[in-house]
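Asker: Got a predicted structure plus its sequence, pasted below:
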Amino acid sequence: MLLRYVGAPLLFTCAVLAAACAKPAVDRATPMDSLPPSMASQPGDRHVLAGEWEYVDGAAVPLVLDEQGNGHYVWKDGRLETHALIGHTWHGMWFQKENDRDGGFMVEFSPDFSEGEGRWWYSRIGTDHAPMQKGGTFHLSKKTALLYHSGTPPAP
């Protein structure tokens, strides 16, 4: 008989706890949109890429990039597309319509973004989407940055 009186409240308490656990808890965590984004996901300010550049990989090729780091070059009707600028590292793709090739590139810029060392690779040659042909390395320098090397800043 005593078990009957003790067992009923115990069963009632378990039922109440089970129902309480089944309800969604109020989320007291900080909303994700109020947190500062991590550096890995925060895109760099691409305007540093805008302007005239000189690409040197054996021969010098002029490049002109827009505010988003996209642009064209004359060699093989080429085009550059920026995918990311994180810190001083630039990642993107290149496309050459005339010889039906494309690939990727990565550049490590100097602290002032006036020049950088890069490497490029193939991702497609014609219909071959896994080419074994190697890419190469290159040096990139901003043409307007050449004015600063003289020690005289440009006119305001």
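Answerer: Arrived safely. These numbers were taken from a predicted model, which means no experiment stands behind them.
Asker: Quick one: the helices in the chain, in order.
Answerer: 2-22 (DSSP state H).
Asker: looking at it, which helix or strand is least sure?
Answerer: helix 2-22 (a mean of 43; mean pLDDT, DSSP states H and E).
Asker: can you tell me which residues contact the closest residue to His47 other than its chain neighbours?
Answerer: Using C-beta to C-beta, 6 or more residues apart in numbering and skipping the chain neighbours, the partner closest in space to His47 is Glu67 (5.2 Å). C-betas here are computed from N, CA, C, even on glycine. With contact set as C-beta atoms under 8 Å, 6 or more residues apart in numbering, Glu67 has these partners: Arg46, His47, Leu49, Ala50.
Asker: PyMOL command for the buried members of these?
Answerer: The following PyMOL line selects those of these that are buried, judged by 16 or more other C-beta atoms under 10 Å:
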select buried, resi 46+49+50
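Asker: now the contacts of Glu67 in CSV, with distance to Thr82?
Answerer: Output for the contacts of Glu67, formatted as CSV (distance: C-beta to C-beta, whole Å):
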residue, distance to Thr82
Arg46, 6
His47, 11
Leu49, 7
Ala50, 11
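Asker: Show me which of the contacts of Glu67 is closest to Ile86.
Answerer: Arg46 (10.9 Å; C-beta to C-beta).
Asker: which of the residues in the longest strand seen in the chain are buried?
Answerer: If you go by DSSP state E, the chain has its longest strand at strand 115-125. For strand 115-125, burial by neighbour count (16+ other C-beta under 10 Å) applies to Glu115, Gly116, Gly118, Trp120, Tyr122, Ser123, Ile125.
Asker: Pretty sure the fifth one sits against Gly135.
Answerer: Looking back up the chat, that one is Tyr122. Yes: shown here, Tyr122 and Gly135 form a contact pair, counting by C-beta atoms under 8 Å, at 6.0 Å.
Asker: Spit out the residues that contact the two alike.
Answerer: Listed contacts common to Tyr122 and Gly135 are Gly103; contacts here mean C-beta under 8 Å, 6+ apart.
Asker: for the longest strand of the chain, packing partners?
Answerer: Other elements packing on strand 115-125 under the criterion 3 or more C-beta pairs under 8 Å, 6 or more residues apart in numbering; DSSP states H and E are strand 89-96, strand 101-109, strand 136-142.
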